[in-house]
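Novice: Any chance you can model this:
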Amino acid sequence: MSAPPNLPKMTYRLLGRSGLHVSAISLGGWLTYGGHVDNENTFACMKAAYDSGINFFDCAEVYAGGKSEEVMGEAIRKFGWKRNDLVISTKIYWGAAFGDNPVNNKGLSRKHVIEGANASLSRLGLDYVDLIYAHRPDRLTPMEETVRAFNHLINTGKALYWGTSEWNADEIAAAWRHADRLGLIGPVMEQPLYNMLDREKVEREFAHLYREVGLGLTVFSPMKSGILTGKYRDGIPSDSRFAQKSVEFIAGFWRRTGKEKWDGFVEQVNKLEPIANQLGIKQSQLALAWVLKNPHVSSAITGASSAEQVYENVRALEAIDKLTPEIMAKVDEILGNKPPAIVERF
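Specialist: Here you go, the predicted model:
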């Protein structure tokens, strides 16, 4: 299997202030690989991504209880990809083996950061990961301890860069203050939720961090778990993700969202369909291209359960230039959720 000949050429962006180039579109294992997607389809998706020019593959110790890391590592070995051609990430916080004693097997203590990273590398079958993230802030562990622990991973060659995921701006700034004071490396990247419906943190809260520390973003859920594809315009298909209410993440989403908020999402998304039609693209590609239009986004992490879905996502690269200031203004008008501009104080 090789990528279709009509795919656009992959583009690569610097990861924040670093010299590392990551593919603008990346492939992640959350809610898919090692769990809902079998191994053969996982291999097909990863090969489709690699053949399309994607070099960044994202995972976490907690995804599918560690099985996501295992199957992604198996794919790397199966296809004989050169390690230096890949950017592999994992995330530490939740732990992987849910049956273990939770004491010291989660969080960001020096003990769990180092032991968790070692366990992830073992599951991946790799000597190092390029990127390692603190998957959530740990407000019980001193920030200095966490900063020192992630620097230890870098100093021992087990990771090349470290960052955060779902931290707030104050926590990221605090990590940088400790790193600067100690002469250590601060978090180069953050992995936040970012899409047309979730904008506040990326567009407003983090604004000063781009300027002050050169923060890079590897954003997740650019299509808000499929909501922004438009496939829910006429209801919830029985084979769709949000019909699977036995999955804890989905059940939790429904508890947090409720029918009224869901209906509001669907109404907003339906109003975007004419724009996608005008541009001659799918709504999924509109959503992904919109995320990539943000210059602070180093990479948008996508999920896929088939090779065809990978190719469809890659074609969103062709849509970026179609999003003129006029089109972006129309999107803002429809969504009505653009964060207010930050007024500089003098």
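Novice: Dump stretch 50-61 to PDB, restricted to CA.
Specialist: Extracted in PDB, the C-alpha atoms of stretch 50-61 (Å, rounded to 0.1, in the frame of the first residue of the first chain):
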ATOM      1  CA  TYR A  50       4.200   7.600   7.100                       C
ATOM      2  CA  ASP A  51       3.700   7.300   3.300                       C
ATOM      3  CA  SER A  52       1.900  10.700   3.400                       C
ATOM      4  CA  GLY A  53       4.900  12.400   5.000                       C
ATOM      5  CA  ILE A  54       3.700  12.300   8.600                       C
ATOM      6  CA  ASN A  55       6.700  12.000  10.800                       C
ATOM      7  CA  PHE A  56       5.100  12.600  14.300                       C
ATOM      8  CA  PHE A  57       3.300   9.800  16.100                       C
ATOM      9  CA  ASP A  58       1.800  10.600  19.500                       C
ATOM     10  CA  CYS A  59       1.000   8.200  22.400                       C
ATOM     11  CA  ALA A  60       0.700   8.100  26.200                       C
ATOM     12  CA  GLU A  61       1.300   5.600  28.900                       C
END
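Novice: for the record, mean pLDDT for it?
Specialist: Stretch 50-61 comes out with an average pLDDT of 98.
Novice: Helices along the stretch 151-300 of the chain, start to end?
Specialist: 169-182, 200, 207-212, 248-279, 283-292 (DSSP state H, counting those that start in this stretch).
Novice: where among the ones you listed is the average confidence lowest?
Specialist: Among the helices of the stretch 151-300 of the chain, helix 248-279 scores lowest, at a mean of 80.
Novice: all strands of the stretch 51-200 of the chain, in order?
Specialist: For the stretch 51-200 of the chain, the strands defined by DSSP state E, counting those that start in this stretch cover 56-58, 87-92, 129-134, 159-165, 189-191.
Novice: how about the ones you listed in TSV, adding distance to Val269 and mean neighbour count?
Specialist: The way it works is simple: take the backbone N, C-alpha and C, and place the C-beta from them, glycine included. Output for the strands of the stretch 51-200 of the chain, formatted as TSV (distance: least, C-beta to C-beta, whole Å; neighbours: other C-beta atoms under 10 Å):
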stretch	distance to Val269	mean neighbour count
strand 56-58	25	27
strand 87-92	29	27
strand 129-134	29	26
strand 159-165	25	24
strand 189-191	24	27
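Novice: nearest to Ser305, of those?
Specialist: strand 56-58 (15.5 Å; C-beta to C-beta).
Novice: other SSEs contacting that closest one?
Specialist: strand 25-28, strand 87-92, strand 216-220, strand 297-302 (3 or more C-beta pairs under 8 Å, 6 or more residues apart in numbering; DSSP states H and E).
Novice: Output the shortest one in CSV, but only the C-alpha positions, please.
Specialist: By that I understand strand 25-28. Only the C-alpha atoms of strand 25-28 are listed here, as CSV (Å, rounded to 0.1, in the frame of the first residue of the first chain):
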residue,chain,number,x,y,z
ILE,A,25,-0.6,16.8,10.7
SER,A,26,0.3,14.0,13.1
LEU,A,27,-1.3,10.7,14.1
GLY,A,28,-2.3,9.9,17.7
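Novice: Quickly run through the sheet partners of that strand, with directions.
Specialist: strand 56-58 (parallel), strand 297-302 (parallel) (DSSP bridges).
Novice: ok and the last one relative to helix 283-292, angle-wise?
Specialist: I take that to be strand 297-302. 150 degrees (axes from the mean of the first three to the mean of the last three C-alpha atoms, to 10 degrees).
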